[in-house]
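> Need coordinates for the below:
(2 chains)
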Amino acid sequence: MHPLLIVFLVFGIPAGLALAWVFLRGSESLRRYILTRIALTVPMVIILISVVFFVLRVMPGDVVSSTLGPKASDAARANIMEALGLDDPLIVQYFRFLGDVVTFDLGDSFIGARRPIVDELGERLPATLELIIPAAIVALGSGLLLGTFAAVRRKKPADYGLRLYSVIVYSMPIFWLGLLLRLVFSVWLDWTPIAGRIDVVTNTTLERTTNLLFVDAILSGNWAALSSVLRHMILPAMTLGLVLSGVFVRLTRINVIEALQEDYVAAARARGIRERVVTYSYALKNAMIPVVTVIGLQVAILLAGAVLTETVFNWPGMGRYLIERISSRDFQAVQSTVAVFALFVAMISLAVDVIYSVLDPRVKY
Amino acid sequence: MKLILLFVVFAVIAVACSSETTETTEATTDTTTPTATETTTTPTTEPTTATTEPAGPRTIIIGTTDAVSSLDSADAYATADWELIKAFNEPLLRFQPGSNSVLEPGIASLPVASEDGLSWEVTLRDDLVFGDGLELTVDMAVEQLNRLMDSDLQASAPNQVGNTLAIPYVESIEAVDDRTIRFNLLGPAGFFPQILAGAPYTIAHPDFFALDEMNLLPEAPIYGLGPWIITENTVAEQTVLEPNPYYTGAYPAKVDRIIVQRFANPSAMADAVREGEIDVAWRILGSQAADELKSVDGLTVETIPQAPIRYLIVNHADGFVTSDPLVRQALAAAIDRDELSDVVFGGAVTPLLSPVPPGFLGANEAFEDAFQAPNIDLAVDLLTQAGYSETNKLQLDLGYPPEHYGVTTADGVLLVAQQWEATGLIDVNEIAQEWSTYVSNCTNGDTYPVCVLGWFFDFPDAENYLQPFIEGDGLGTMVLCPNDSCGDATTTGIDPLLGQLLLDQRAETDLDARAAIIEQLQDVYADEVVTIPLWLEPEFIIYRDGIVGDGSLPNPQTLNIGPDFEFVYSVLDITD
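Residues are numbered from 1 along each chain as shown, chains lettered A, B, ... in the order given. Okay, here's the model as predicted:
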């Protein structure tokens, strides 16, 4: 089975079941809302990939000159343009691409070995997921904990320190933070590997099924590979996660502060419930609702951040792939990657909205 | 629930921290070779893991920033592609590792030319077996070689340059007897043996590379007639090579495994070799990173004696200021190549004083002889003759790519601009453009009067540093002539003598006579300023202590990478 399909099944089946569960249990208006959102995803993706398609075509430069440089003779250039279908009218190329997207074919890459793009994404998408999922856990986990901690110690040194931290990490360029962490933890302290997803030699022992190395290592019982994967994951995930944690710290802090002033919190305290329980079970739970809405927005930023993180840490994911292919004007790969990104963000956005309705029963659609 | 969560977190941390020491695992090697390839592996978190573990598998990890785009010898053209192809498949002839392009037999004997120089014959060794046990026959060899000549197959080639070592020179390829192959040429070509040492002249395995279809990246394992088998190939990450048990050639593998690890950028590769995650860093690092690594204990940094060239296209087409020969000569006269070498490269590069680099047959210093550059007085005199003055300066657009050739090339181009402006008669407008846009503008012939390009030979002979620059429109490598304003496009748009000399040197079989023609050709080239050669771009190899080349061959200090730029993995060894 194709790794890309496995990845979609791994994430898609639970998400689909959860959506179905919400759909079946939800109100009529919620069901209508979900169907509307799914329907709106289609034009959203089409508009996005159309914009990308036409913008790429008006950019200067072409794939043949870019890849062959001064060795591209006129005849070779013409042959390659014909072979790639780039000499067809723009509208023909456009509908051919839409056809590729609809059939989940995505066509072949324009450069290198002209491999099917689904094969290339089958290698790259799992790498990116293996980066952004732990990064999201770091961002959300540290954001919620530190934000709540700051709210509880409002106007105390810890609060000021955490507010300062959130501003600093959010405004820090990802590549700079990555280089800094790499210098400290990999070069000076020698605690973590310098780059990559897995040790070079260990990689040769890992049987790949999903290309999610974490999953493949567990499936094959290769604990040395699992260890290596986890050690390689630490710095990239921390880099990306810490930068995004700044938003969550500030958001959580302000919402927990507001929640702590609500009547139900005062009532809980009056009933003698421990302050920690009041804070984390009552105030934080309610403060989570606006945080959840921001998670959906942060996914796009997470993917954008992955582009830089992957470059710094030699992580062979979608972000690096996108940069390489934009540079070489591989239109087919770029527009297909953007289409996959768009679908991914759209699905997360839908999931967040649905979760929002579950978390806050007051929300009506 | 909380306890379970805590346990999971603890377990994950424990696993992550558990293997800081050497481990032994079994490699998954899916080959059908008769010898069982059960090997053990050692993670490379320690700097010299591969070099200090006497009992384990002897693995060398080579880092590279090069990507592999094709392993089909009928299509491949990039340096990285050829390097891998020659690792798993041996060409008819080969260059002695580390030498200055000394030819020696590969899978065939050294070629013999007919009296008229129009055909060459080679005899195959009689013990040739592919890595999976398939025996090679002469008919099979000829069929596979003819993939280079098959117009239908070549029309489907993605890169359209893989056959450039065949179509311009070869008319047909045929079997003479059960071991002999004859190449019938379109015209005399004294450099043809060098061409036969290229990756296109390897015999591709017919089960992987069908006669009627290109197969750029076959699924591993990939077998050939070379010392290695490619047992794994992950495009964006790594290629794993293990010894070919059927190899009987001159350079059998000395270690159990080579892993070629790919990096996104030179800085990531430099960090990896500094921290011991790879054993060798080879292509493309840049002089600044190489310089920094010189101070790292346990690393050797070596400069490869000969490398790609950088040169300036000077547009001869009507409408450009550089169509005036006086202007072109003035630009050539004002360049200080020693300053370029010292300031930009810390003295690490060799100034290039002719289109043909030193070491090649007939190479001279034609631009030095013609201009004694830097010669500001001559430049000013020529510009004055061309009608320029301090109040009427030459306005010159200079295009360059800030990233494609690395920061040093960009710095070098900017320094050239300063040198020109130092004449007091030139105003330079430096235009930096991203590569995709830049290369189109530079080669279409109607945008820049001057722009910079790099060139790396397809085969190591002076011909390959002259023909691409002179033939066509005569504006430099593949640069087009706008509006057909450059003269006779079939020979040269500059001086017809250049085209004639090019043909003469090809037909000449006497080496001394050929060298004399090439020297004359370079002199005319310099007078016309067809292009302006700048410098030989340095390339570096960095390796850890314990990795050695073959001491019986030239240049062991560069792991036997010589001026021909070939990295032969099978000469590599690990000392205890």
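> got any ranges where the chain has weak pLDDT?
Since you didn't name a chain, this refers to chain A. A:70-73, A:361-365 (pLDDT under 70).
> nope, chain B please
B:1-56, B:472-494.
> How many residues are close by the residue of it found nearest chain A?
For chain B and chain A, the shortest gap (Cβ to the nearest Cβ) falls at B:Ser436, measuring 3.0 Å. Backbone N, C-alpha and C define where each C-beta goes, glycine included. Using other Cβ atoms under 10 Å in any protein chain shown, the number of residues around B:Ser436 comes to 21.
> if I pick it, what's in contact with it?
B:Ser436 is in contact with A:Met59, A:Pro60, A:Gly61, A:Asp62, A:Val63, A:Ser65, A:Ser66, A:Ser327, A:Ser328, A:Arg329, counting by Cβ atoms under 8 Å, 6 or more residues apart in numbering or on different chains.
> Can you get me a residue count around the first one?
Read it as A:Met59. With other Cβ under 10 Å as criterion, A:Met59 counts 13.
> What sits closest to the residue of chain B closest to chain A if chain neighbours are left out?
Of all residues not flanking B:Ser436 in the chain, A:Gly61 sits nearest, at 3.0 Å (Cβ to Cβ, 6 or more residues apart in numbering or on different chains).
> sorry, back to before: sitting in helices, which of the contacts of B:Ser436 do you find?
Members of those lying in helices (criterion: DSSP state H): A:Val63, A:Ser65, A:Ser66, A:Ser327.
> Show me which of these is closest to B:Ala373.
Using Cβ to Cβ, A:Ser65 comes nearest to B:Ala373 of these, at 30.9 Å.
> dump the residue contacts of the residue nearest to B:Ser436.
Per Cβ under 8 Å, 6+ apart, neighbours of A:Gly61: A:Arg329, B:Glu434, B:Trp435, B:Ser436, B:Thr437, B:Tyr438, B:Val439, B:Ser440.
> what do you get if the cut-off is 7 Å, keeping everything else the same?
A:Arg329, B:Ser436, B:Thr437, B:Ser440 (Cβ atoms under 7 Å, 6 or more residues apart in numbering or on different chains).
> repeat for B:Met269
Each residue near B:Met269 by Cβ under 7 Å, 6+ apart is listed here: B:Gly63, B:Thr65, B:Phe263, B:Ala281, B:Leu285.
> B:Gly187 now?
Neighbours of B:Gly187 in contact, by Cβ under 7 Å, 6+ apart: B:Arg506.
> before we move on, which element is it in?
Secondary-structure assignment from DSSP states H and E places B:Gly187 in no helical or strand segment.
> hmm, stretch A:238-256 touching chain B?
No. Figure legend: stretch A:238-256 not in contact with chain B (Cβ under 7 Å from any Cβ of the partner chain); closest approach 12.9 Å.
> Check stretch A:132-151 too.
No. Legend: contact between stretch A:132-151 and chain B by Cβ under 7 Å from any Cβ is lacking; minimum distance shown is 10.4 Å.
> For stretch B:515-523, buried residues please.
Of the residues in stretch B:515-523, B:Ala515, B:Ile517, B:Ile518, B:Glu519, B:Gln520, B:Leu521, B:Gln522, B:Asp523 count as buried by neighbour count, 16 or more other Cβ atoms under 10 Å in any protein chain shown.
> Give me the contacts around that stretch.
B:354-356, B:361-362, B:364, B:366, B:462, B:466, B:498, B:501-502, B:504-505, B:508.
> Could you check how far the residue in the stretch 51-200 of chain A that chain B sits nearest to is from B:Pro563?
Closest residue of the stretch 51-200 of chain A to chain B, Cβ to the nearest Cβ: A:Gly61 (3.0 Å). Per Cβ to Cβ, to the nearest Å, A:Gly61 is found 34 Å from B:Pro563.
> now do B:Leu136
Distance of B:Leu136 to B:Pro563, computed by Cβ to Cβ: 31 Å.
> likewise A:Thr210?
46 Å.
> Could you export the buried residues of stretch B:515-523 as a markdown table, including secondary structure?
As requested, the buried residues of stretch B:515-523 are exported to a markdown table (DSSP: H, G, I helix; E, B strand; the rest coil):
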| residue | secondary structure |
| --- | --- |
| B:Ala515 | helix |
| B:Ile517 | helix |
| B:Ile518 | helix |
| B:Glu519 | helix |
| B:Gln520 | helix |
| B:Leu521 | helix |
| B:Gln522 | helix |
| B:Asp523 | helix |
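> Get me the contact residues on the stretch 1-150 of chain A for chain B.
A:60-62, A:65-66, A:68-74, A:76, A:79-80, A:112-115, A:123.
> The same query, at a cut-off of 10 Å, please.
Residues of the stretch 1-150 of chain A lying close to chain B (Cβ under 10 Å from any Cβ of the partner chain) are A:59-80, A:82-84, A:108-115, A:119-120, A:123-124, A:127.
> Which members of these occur in helices, if any?
A:63-68, A:74-80, A:82-83, A:119-120, A:123-124, A:127.
> Buried only: go through those residues for me.
Neighbour counting with 16+ other Cβ under 10 Å marks A:63-68, A:76-77, A:79-80, A:83, A:119-120, A:123-124, A:127 as buried within those.
> for chain A, what are the nearby residues on the stretch 201-350 of chain B?
Checking the stretch 201-350 of chain B against chain A by Cβ under 10 Å from any Cβ, the hits are B:214-218, B:231-232, B:234-238, B:240, B:242, B:257, B:259-265, B:267-279, B:313.
> Now with 8 Å, please.
By Cβ under 8 Å from any Cβ of the partner chain, the part of the stretch 201-350 of chain B that sits against chain A consists of B:216-217, B:232, B:234-238, B:240, B:257, B:259, B:261, B:263-265, B:268, B:271-272, B:274-275, B:277-278.
> rewinding a little: closest one to B:Phe192 out of the ones in helices among the contacts of B:Ser436, please.
A:Ser65 (30.3 Å).
> List the contacts of the closest one.
Counted by Cβ under 8 Å, 6+ apart, A:Ser65 has contacts A:Ala72, A:Arg77, B:Ser436, B:Val439, B:Ser440, B:Thr443.
> Now tabulate those in TSV and tack on distance to B:Leu186.
Shown next, in TSV, are those (distance: Cβ to Cβ, whole Å):
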residue	distance to B:Leu186
A:Ala72	23
A:Arg77	23
B:Ser436	35
B:Val439	30
B:Ser440	31
B:Thr443	26
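> Of all pairs in those, which one spans the longest distance?
Spatial extent of the contacts of A:Ser65 (Cβ to Cβ) is set by the pair A:Arg77 and B:Ser436 at 13.7 Å.
> Appreciated, that's everything.
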